[in-house]
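> Fold the following.
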Amino acid sequence: MREVEHEIVVDAPAEAVYGLLAAVGDWPRLFPPTVHVSYLERTEKAERLRIWASANDKVKTWTSRRELDPAALRIDFRQEVSAPPVGEMGGTWRVERVSDGRSRVVLSHRYRADGDDRDDLAWIDRAVDGNSRSELAALKAGAERATKGDDGDGFLSFEDSVFVAGPAEETGERVYAFLDRADLWEERLPHVTRVVLTEDDPGLQILEMDTRAKGGSTHTTRSVRVCFPHREIVYKQTTLPALLTLHTGVWRTMPSRVDGVDGVTVTSHHTVSIAEENVTAVLGADAGVADALAFVRDALGTNSLATLRHAKRHAEDNG
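Residues are numbered from 1 along each chain as shown. From the prediction side, this is the model:
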C-alpha cells in the first residue's frame, strides 16, 4: 500500500470549505477532473457514489463509499469497485481550523495497484498527485471566491426544450439515439462541421467537434459524455472556447403530454463560467461579464435548439 498526503491553506472558514467537499454532486462544476457523479445510496452521514473522472488524460469510473463527519470536518472514502490499474483506493478529506477565516485542508490517499507491475503503480502515483493538486487548488479558489461574495457573477445555468409527439417510449428512444449518435452530427446538423467520436467503453464517449456560430466563426470543443440509455446524456467540456472556464450540460428526455398529445419533452441544460480575463479580447474593449453571459447564452442556445429541432424532426419522421 502506498500512502500519500497533499494539503493546502484556504482563506475561508473551515465549515464553508467542508460544505463544498460534502456537496459531491457539485464536484463537476468545482473540480476539473470530475465529469459526473451519481448517488447510488444516500443518508445523512453515508453515501455510495459512482464517479466519472479523468486521470492522466484517461477517463475512469468507479464506485465509492463516503462516511461524512461534519462535527469533525472529516470525510472518509473508499473505492468499492476500482478501475484498473487501481487495485484498492481509500483516503480522507480533513479540514482543520487555522482561524475563523482560514483553514487547512489535508487530502490523504492509501492505494495499491491491481498487480505487481511497477508501471501501473507509477501511473497511479501520477494520477493521485495530479488530481490531488488540481482539486485542492480548485477547492481553494472556489471557497475563497464564495467567501468574498463573488461566486455567481460569471456563472450561468439555463435550458431549452422542445416537445416531440409520438408514443413516449418509442419516441424517447428515437430522440435519444439521435443525441447518442453524435458521430453522425456532421451529416445531420448544419452548425457542426467536423466530428470525432470515440467510445472504447459502452456509454462513455469522447466527443471532439468543430461548431459554427451564428456569425460564421468556428470553434473546437472536446467533451466527455456519460450516456444513460434512453434517458439522458451528461457531458463536460474538457477543451473549451476562449470565453469559458467551465461548460457542463445534460441532454434529457422525459415522457410528457401536451394539449392531449403524448410524447417526450427533450431538454438541453447548460452550466457555464466565464473566463473574465478573455472577455475584452473576444468581444471587444467595452464588453463586460454581463455581455459575455448574454453572448454565450445566445450562442449555446441557438445551437442547442437547432440540435433539438433536428432530433424532433428525425423522431417524428421515423415514427
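> export stretch 120-129 as CSV, just CAs?
Only the C-alpha atoms of stretch 120-129 are listed here, as CSV (Å, rounded to 0.1, in the frame of the first residue of the first chain):
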residue,chain,number,x,y,z
ASP,A,120,0.9,0.6,-13.1
LEU,A,121,1.9,1.9,-9.7
ALA,A,122,3.8,4.8,-11.3
TRP,A,123,0.6,5.6,-13.3
ILE,A,124,-1.5,5.7,-10.1
ASP,A,125,1.2,7.8,-8.4
ARG,A,126,1.0,10.4,-11.2
ALA,A,127,-2.9,10.3,-11.3
VAL,A,128,-3.2,10.8,-7.5
ASP,A,129,-0.6,13.6,-7.4
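> Show me the contact partners of it.
Arg2, Val4, His6, Ala55, Asn56, Pro85, Val86, His109, Tyr111, Arg112, Ala113, Asp114 (CB atoms under 8 Å, 6 or more residues apart in numbering). (Each C-beta comes from the backbone N, C-alpha and C, glycine too.)
> What residues sit buried inside whichever strand or helix holds Arg78?
When secondary structure is defined using DSSP states H and E, the element that contains Arg78 is strand 74-81. Of the residues in strand 74-81, Arg74, Ile75, Asp76, Phe77, Arg78, Gln79 count as buried by neighbour count, 16 or more other CB atoms under 10 Å.
> again, but for stretch 295-311
Going by neighbour count (16+ other CB under 10 Å), the buried part of stretch 295-311 is Phe295, Val296, Ala299, Leu300, Asn303, Ser304, Thr307, Leu308, His310, Ala311.
> Filter those residues down to the ones in helices?
Phe295, Val296, Ala299, Leu300, Asn303, Ser304, Thr307, Leu308, His310, Ala311 (DSSP state H).
> right, and out of these, which lies closest to Leu197?
Ranking these by separation from Leu197, with CB to CB as the measure, puts Thr307 on top at 14.7 Å.
> got a list of what the residue nearest to the closest one when sequence neighbours are not counted touches?
Among residues not flanking Thr307 along the chain, Leu189 sits closest, at 6.0 Å (CB to CB, 6 or more residues apart in numbering). Contact criterion CB under 8 Å, 6+ apart gives Ala306, Thr307, His310 as the residues in contact with Leu189.
> Looking at those residues, which one is closest to Leu49?
Closest to Leu49, out of all of the contacts of Leu189 and judged by CB to CB, is Thr307, at 29.9 Å.
> Isn't that closest one up against Gly249?
No. With contact defined as CB atoms under 8 Å, Thr307 does not count as touching Gly249 (11.2 Å).
> Overlap of the contact sets of these two?
With contacts defined as CB under 8 Å, 6+ apart, the residues shared by Thr307 and Gly249 are Ser268.
> Residues in a beta bridge with Gly91, which ones?
Listed by DSSP bridges, the beta-bridge partners for Gly91 are Phe77, His109.
> number of nearby residues for Asp317?
Here the number of neighbours of Asp317 (other CB atoms under 10 Å) works out to 8.
> do Ala242 as well
By other CB under 10 Å, the residues close to Ala242 number 12.
> And the residue of the chain positioned farthest from its centre, how far from Thr267?
Distance to the chain centre peaks in the chain at Gly260, reaching 36.0 Å (criterion: CA atoms, centre = their mean). Between Gly260 and Thr267 the distance, using CB to CB, to the nearest Å, works out to 21 Å.
> Which segments of this structure make up each domain?
Described in terms of automatic domain parsing, the domain architecture of the chain consists of the residue ranges 2-147, 155-317.
> any chance of those domains in CSV, plus mean pLDDT?
Below are the domains of the chain laid out as CSV (pLDDT from 0 to 100):
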stretch, mean pLDDT
domain 2-147, 96
domain 155-317, 95
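> gap between the two ends of stretch 224-238?
Between the opening and closing residues of stretch 224-238 we find a distance of 7 Å, counting by CA to CA, to the nearest Å.
> the helices in this protein, which residues?
Listed in chain order, the helices of the chain (DSSP H) span 14-22, 27-30, 118-147, 168-180, 185-188, 279-283, 289-317.
> closest to Gln205 out of those?
Distances from Gln205 to each of the helices of the chain were compared by CB to CB, and the smallest falls on helix 168-180, at 8.2 Å.
> What residues of that closest one count as buried?
Using 16+ other CB under 10 Å as the test for burial, helix 168-180 gives Ala168, Thr171, Gly172, Glu173, Arg174, Val175, Tyr176, Ala177, Phe178, Leu179, Asp180.
> Show residues contacting that helix.
Contacts made with helix 168-180 from outside it, assessed by CB under 8 Å, 6+ apart, are listed as 164-166, 188, 227, 229-231, 233, 251, 253, 255-256, 262-264, 266, 307, 310-312, 314-316, 318-319.
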